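A.B. asks: need coordinates for the following:
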Amino acid sequence: MFRNRLFAFATVATVLASSVSASLTLAHPANAPVEITFWHAMGGTNGKAVTTLVTDFNSSHPDIHVTEQLKGASYNELLNNSIAAFQQKAGPNITQIFDLGTALASDSGFFTPVESLLSADQLASVKADVVGPVLGFFTINGKLNSLPWNNSNPLLYINKDMFTAAGLDASKPPATWQELEADCAKILASGVPNCLSLQIYGWPFEQWMALQGQEMANNGNGRAARATATNLDSAAAKNILAFWKDMYNKKYWISSGKLEDGTGAKTIFSSKQAAMWIDSTGSLGGIIPLAQAAGFQLGEGFLPNNADIPRVGIVTGGASLWVAAGRPDAENQATVTFLMWLLAKEQMAKWHQLTGYLPITKSAQTLLTSQGWFDANPGQKVAIDQLNASQSTSATAGGLMGPYPQIRTLVEQAIVAVTSGGADVASTVKDLKAKADQTLADYNNRLGAPATAAVAAPAATMAATMAATAAK
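C.D. replies: This next block holds a predicted model:
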């Protein structure tokens, strides 16, 4: 019944969008390039890289013109803006949607699976070239829904000079939580004001769950069937919050105190107020010049794991590119041309070099290796090695939950509760699971709305979910 309702919604949306697009096409000059729009949330260094690539594409494809627009200062803001636009039949051809929005976007009916627009040869090429863990995250029920693009995993960045001054081996960043705490004791004893800079963010929590082999939700992390309950009271979750609490109590961890303040955490590290920093590989492009300007040697390592549990692997992060449903064939063909161009080895290699995001195709990795890129930039290869070292399990595939952005916020509030709030871990995870499970149930119940509301249900669900997320 749920699938039929989504299909009905998507069909109506397609008919309406097609009618509008058809009228626009009639007024389109015969020799003018096909216009498509691309919305993203890439600012700063990464935003400049987007502009560079789009400019290159437009110059080499005179029959197509891509207009890229920054439509949000964060992934959440971009998703909110996109959903509002699609509800008004005014969304872009291509939308960048972050990993946590995957289930929500799939449920909405606003997008068409990219797989359905690719030729058999194009699809085979994508599946053969994109590395398995990345491809797996964006595949739902065996179908590739969106095209992976700016994908990442978390790295441990270190100030090598501070490590050396503390008597530590700067070529060996801590690989486990236990080593991290031992190194922090020596670093603080050497006079460094802070040890680890890390924003209050749910992403490291999710990564540490996967590293311990723990799914975020039931039913195979929401991949075997729709998730109906979280695992936020599991032993793995307790381990993470206990570690975070211990780091806080020993004054090893520092943040700006704000939720999801990546800029604040980066500033603490880049201004030499902390010896270590955990953030995305997508931050490489920005932190390298900052370290050079501040005059310190930058090092990178794997995200430290819990030494008491065998390391399983990390989850692909970042975002993928979704194609709007109900657009004219000419726009869809132009969209596919642009997407396949972005994924080609030359562009993927350039994207990696400009930003630090993973070169997610085997061909791009081969090209970069042949060019000597990794020899000259060994730190850039750390993220690739970490990705390739990950086991393929339901835990490392990543969770699929419609209200995942909202659940992440609940996790972040729990982090605050056990650290600066002084709450005990056991009661905090019990409360966290109850709130998260209720959020998940509310979302699933809205999707099961009465048949008379079938068309409105998906849009209403997205609006309600994103309103709750935006109100955090």
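A.B. asks: hey, where'd the helices end up in the stretch 151-300 of the chain?
C.D. replies: Using DSSP state H, counting those that start in this stretch, the helices found in the stretch 151-300 of the chain span residues 160-165, 177-189, 202-211, 218-222, 235-249, 262-270, 284-294.
A.B. asks: turn the ones you listed into TSV, including distance to Asp63 and mean neighbour count.
C.D. replies: The way it works is simple: take the backbone N, C-alpha and C, and place the C-beta from them, glycine included. Converted to TSV, those look like this (distance: least, CB to CB, whole Å; neighbours: other CB atoms under 10 Å):
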stretch	distance to Asp63	mean neighbour count
helix 160-165	50	19
helix 177-189	53	18
helix 202-211	40	24
helix 218-222	41	20
helix 235-249	51	19
helix 262-270	39	20
helix 284-294	31	17
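A.B. asks: can you check which of the ones you listed gets nearest to Pro405?
C.D. replies: Counting by CB to CB, Pro405 lies closest to helix 202-211 out of these; the figure is 9.1 Å.
A.B. asks: now what about that closest one, what contacts it?
C.D. replies: Applying CB atoms under 8 Å, 6 or more residues apart in numbering, the external contacts of helix 202-211 come out as 153-154, 198, 215-216, 231, 234, 236-237, 239-240, 243, 278, 280, 303, 305-306, 309, 311-315, 317, 395-396, 398-399, 407-409, 411-412, 415.
A.B. asks: filter these down to the buried ones, PyMOL style.
C.D. replies: This is the PyMOL syntax for the buried subset of the contacts of helix 202-211, where burial follows 16 or more other CB atoms under 10 Å:
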select buried, resi 153+154+198+215+216+231+234+236+237+239+240+243+278+280+303+305+306+311+312+313+314+315+317+395+396+398+399+407+408+409+411+412+415
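A.B. asks: and stretch 319-332, how far apart are its ends?
C.D. replies: Taking CA to CA, to the nearest Å, the first and last residues of stretch 319-332 lie 20 Å apart.
A.B. asks: so which bits of it are buried?
C.D. replies: 319-328, 330-332.
A.B. asks: quick one: mean pLDDT over that stretch.
C.D. replies: In this model, stretch 319-332 carries a mean pLDDT of 97.
A.B. asks: follow-up on the earlier one: now, which of the buried residues of stretch 319-332 lie within helices?
C.D. replies: Applying DSSP state H to the buried residues of stretch 319-332, the entries found in helices are Ala330, Glu331, Asn332.
A.B. asks: the second one reaches Thr37, doesn't it?
C.D. replies: No - here Glu331 lies out of contact with Thr37, judged by CB atoms under 8 Å, at a distance of 9.4 Å.
A.B. asks: wait, what's in contact with Thr164?
C.D. replies: Residues in contact with Thr164 (CB under 8 Å, 6+ apart) are Ala170.
A.B. asks: what's near enough to touch the residue positioned nearest the centre of the chain?
C.D. replies: Centroid check for the chain by CA atoms, centre = their mean gives Gly318 as the closest residue, at 2.5 Å. Neighbouring residues of Gly318 by CB under 8 Å, 6+ apart: Phe98, Asp99, Trp149, Asn150, Asn151, Ser152, Ser280, Gly282, Tyr357, Leu358.
A.B. asks: change it to 10 Å
C.D. replies: Applying CB atoms under 10 Å, 6 or more residues apart in numbering to Gly318 gives the contacts 75, 96, 98-99, 134, 137, 148-153, 280-282, 357-358, 360.
A.B. asks: separation between it and Ala185?
C.D. replies: Separation of Gly318 from Ala185 (CB to CB, to the nearest Å): 34 Å.
A.B. asks: one more: Ala217?
C.D. replies: Counting by CB to CB - Ala217 and Ala185 are separated by 36 Å.
A.B. asks: what of Thr267?
C.D. replies: From Thr267 over to Ala185 the distance is 24 Å, taken as CB to CB.
A.B. asks: just Ser427 next, same as before
C.D. replies: Here Ser427 is placed at a distance of 29 Å from Ala185 (CB to CB).
A.B. asks: many thanks, I have nothing further to ask.
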